[in-house]
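Student: Provided below for reference: sequence and predicted model.
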There are 2 protein chains.
Amino acid sequence: MTRKTIRKYTSQPVSDELLNSLLQQAERTQTMGNLQLYSVIVTRSEEMKAKLSPFHFNQPMVKEAPIVLTFCADYNRVTEWGRLRKGHPGYDNLLSYQNAATDALLFCQRFCDLAETAGLGLCFLGTTVYQPLQIIDLLKLPKLVMPVATITLGWPDEDPAPTLRLPLSAIRHDETYHPHTPESIDRDYHETEADPTNQDFVRLNHTETLAQIFTDIRYNASDCATMSKTLHQALVQQGFLEE
Amino acid sequence: MTRKTIRKYTSQPVSDELLNSLLQQAERTQTMGNLQLYSVIVTRSEEMKAKLSPFHFNQPMVKEAPIVLTFCADYNRVTEWGRLRKGHPGYDNLLSYQNAATDALLFCQRFCDLAETAGLGLCFLGTTVYQPLQIIDLLKLPKLVMPVATITLGWPDEDPAPTLRLPLSAIRHDETYHPHTPESIDRDYHETEADPTNQDFVRLNHTETLAQIFTDIRYNASDCATMSKTLHQALVQQGFLEE
């Protein structure tokens, strides 16, 4: 219950032995047909971190963390395996992207749990799918490989307070989905909206409501539409979607 | 390292207290902008399990497990919140689906880790995205809610041997992606292909190679193409994609 995102790291390095041990344990995660439809790109070089940084909107963790990990949906390896073994792989489609992205994200989250249990701190960068074409180019990702998640990893040099979460009533539905109503929204967002940090956040952003910070500023319709086109373009380029 | 999928469960019930505690702990998972773009549908009723079962190809766990959980990418709640708070939500697009599916899958995997740590056993059903329209209809999922993962959950009544995984060389790439070669594929798949269980599997399927079972039978090009169309149709219906 005290899990938190860590954005500042000490200068202590993270050994390759520890990294490999965590990756190997994470490989135990459930995976479709035991195909392990994922790969992970390990960035340790200062030069590569500096080049990755702008593609994550220059969030400082990318350059400051000892390790950056880019988790990829990967049907390239299975396709190569299939071709070399007289098979007829056909994974250039949306379902295969969905399956591989699922595998990669489950593997990523399991890795995060293991890393945090080992005392490491990490920050999950949602920006991976915002400028995917540049990341694909820099990391030399071939067809049927698509970056879906990035984490920065190191030994924690901060201890922030955990952030608020919604009550279970907001996310749990029994038997069927229960439509949200003005009353249920009031109930589920009451604590979040009453939170002093969030109220400061509203003042800082000059909005009337907390929700507007998300819907009208941070994740506004226009940005989402533009970035959807880029994401679509990247999935076409990587061979998962048709034009 | 001993994690394994559990498909057989004892008749011991899983209490709602335990389920809620695990869901609440799982809510600590990293989430985009702290928006928690997910929901979970809890299926306990025998009637609903029987109706869900065919949409998961009648895998027996669906009817036999005390609990079935369907994890959904969910922008419906945030959209309702935004609308009721004078915002202008615009999440009817591919990027928003990607973001919500990511949130839902990270939450799901964290829940799985917590459940397994509590001694529960579970099976992840990849079939969720194969017949999504039927699942959406049965669970009454509204616009901007899309099922992305299902698990069956209960107290373990079997103790299967862990299955093989690929060596790290198959999934780890340093700084940039290193293209697979016939030699690297031989190295990375040697243990898998030499495994007696997998060799039996090849005999049983009357194929020449193990890879062919996956590329030509289980996840063949024709099925993937057909199911991609259904998946696309479901994403259109739920409002995440245009026709």
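Tutor: Arrived safely.
Student: from now on I want contacts and neighbour counts done on CA atoms only, so please keep to that.
Tutor: Fine.
Student: spatially central residue for chain A, please.
Tutor: Within chain A, the residue whose C-alpha comes closest to the C-alpha centroid is A:Ala149; the distance, by C-alpha atoms, centre = their mean, is 3.3 Å.
Student: I figured that one hits A:Leu105, correct?
Tutor: Yes. Look at A:Ala149 against A:Leu105 with C-alpha atoms under 8 Å: they come within range, at 7.1 Å.
Student: for the residue nearest to the centre of chain A, which non-adjacent residue is spatially closest?
Tutor: The spatially closest residue to A:Ala149, leaving aside those adjacent along the chain, is A:Phe71, at 5.1 Å (C-alpha to C-alpha, 6 or more residues apart in numbering or on different chains).
Student: shared neighbours, A:Ala149 and A:Leu105?
Tutor: A:Phe71 (C-alpha atoms under 8 Å, 6 or more residues apart in numbering or on different chains).
Student: need the phi and psi values for the residue nearest to A:Ala149.
Tutor: Recorded main-chain torsions at A:Phe71 are phi -90, psi 130, according to degrees, to the nearest 10.
Student: show the contacting residues for it.
Tutor: A:Tyr38, A:Ser39, A:Val40, A:Ile41, A:Ala104, A:Leu105, A:Cys108, A:Pro147, A:Val148, A:Ala149, A:Thr150.
Student: and with 7 Å instead?
Tutor: A:Phe71 makes contact with A:Ser39, A:Val40, A:Ile41, A:Ala104, A:Cys108, A:Pro147, A:Val148, A:Ala149, A:Thr150, according to C-alpha atoms under 7 Å, 6 or more residues apart in numbering or on different chains.
Student: what ranges do the strands span in chain A?
Tutor: Here chain A has its strands, by DSSP state E, at A:38-43, A:67-74, A:121-125, A:145-154, A:172-174.
Student: can I get these in CSV with mean pLDDT?
Tutor: Rendered in CSV, the data for the strands of chain A read as follows (pLDDT from 0 to 100):
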stretch, mean pLDDT
strand A:38-43, 98
strand A:67-74, 98
strand A:121-125, 97
strand A:145-154, 98
strand A:172-174, 98
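Student: any chance of these in TSV, plus distance to A:Asn93?
Tutor: As requested, the strands of chain A are exported to TSV (distance: least, C-alpha to C-alpha, whole Å):
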stretch	distance to A:Asn93
strand A:38-43	16
strand A:67-74	13
strand A:121-125	26
strand A:145-154	12
strand A:172-174	32
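Student: quick one: closest of the ones you listed to B:Pro162.
Tutor: Smallest distance to B:Pro162 across these (C-alpha to C-alpha): 19.4 Å, for strand A:38-43.
Student: I'd like to know which elements the closest one is packed against.
Tutor: strand A:67-74, helix A:94-117, helix B:168-171, strand B:172-174 (3 or more C-alpha pairs under 7 Å, 6 or more residues apart in numbering or on different chains; DSSP states H and E).
Student: pairing partners for that strand, with directions?
Tutor: Each strand that pairs with strand A:38-43, with its direction, by DSSP bridges: strand A:67-74 (antiparallel), strand B:172-174 (parallel).
Student: which of those strands sits most buried?
Tutor: The highest average neighbour count among the strands paired with strand A:38-43, using mean count of other C-alpha atoms under 10 Å in any protein chain shown, belongs to strand A:67-74 at a mean of 26.
Student: and A:Leu120, how far from A:Val14?
Tutor: The span separating A:Leu120 from A:Val14 equals 9 Å under the rule C-alpha to C-alpha, to the nearest Å.
Student: who touches both of the two?
Tutor: By C-alpha under 7 Å, 6+ apart, A:Leu120 and A:Val14 have these common neighbours: A:Gly154.
Student: just the helices in chain A please.
Tutor: A:16-26, A:46-52, A:61-64, A:76-84, A:94-117, A:132-138, A:182-194, A:196-205, A:210-212, A:221-237 (DSSP state H).
Student: and the ones you listed as JSON lines, adding distance to B:Thr215?
Tutor: Rendered in JSON lines, the data for those read as follows (distance: least, C-alpha to C-alpha, whole Å):
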{"stretch": "helix A:16-26", "distance to B:Thr215": "25"}
{"stretch": "helix A:46-52", "distance to B:Thr215": "34"}
{"stretch": "helix A:61-64", "distance to B:Thr215": "38"}
{"stretch": "helix A:76-84", "distance to B:Thr215": "6"}
{"stretch": "helix A:94-117", "distance to B:Thr215": "12"}
{"stretch": "helix A:132-138", "distance to B:Thr215": "26"}
{"stretch": "helix A:182-194", "distance to B:Thr215": "46"}
{"stretch": "helix A:196-205", "distance to B:Thr215": "50"}
{"stretch": "helix A:210-212", "distance to B:Thr215": "46"}
{"stretch": "helix A:221-237", "distance to B:Thr215": "21"}
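Student: I'd say A:Phe55 and A:Gln131 touch.
Tutor: Yes. Counting by C-alpha atoms under 7 Å, A:Phe55 sits close enough to A:Gln131 to count as a contact (6.0 Å).
Student: ok, these two, which is more surrounded?
Tutor: Neighbours were counted for A:Phe55 and for A:Gln131 using other C-alpha atoms under 10 Å in any protein chain shown; A:Phe55 has more, 20 against 17.
Student: so who does the more buried one touch?
Tutor: A:Gln131, A:Gln134, A:Ile135 are the contacts of A:Phe55 under C-alpha under 7 Å, 6+ apart.
Student: which one in these is the model shakiest on?
Tutor: Across the contacts of A:Phe55, the bottom pLDDT score, 94, is held by A:Gln131.
Student: quick one: residues contacting that residue.
Tutor: When contacts are counted by C-alpha under 7 Å, 6+ apart, A:Gln131 is found next to A:Phe55.
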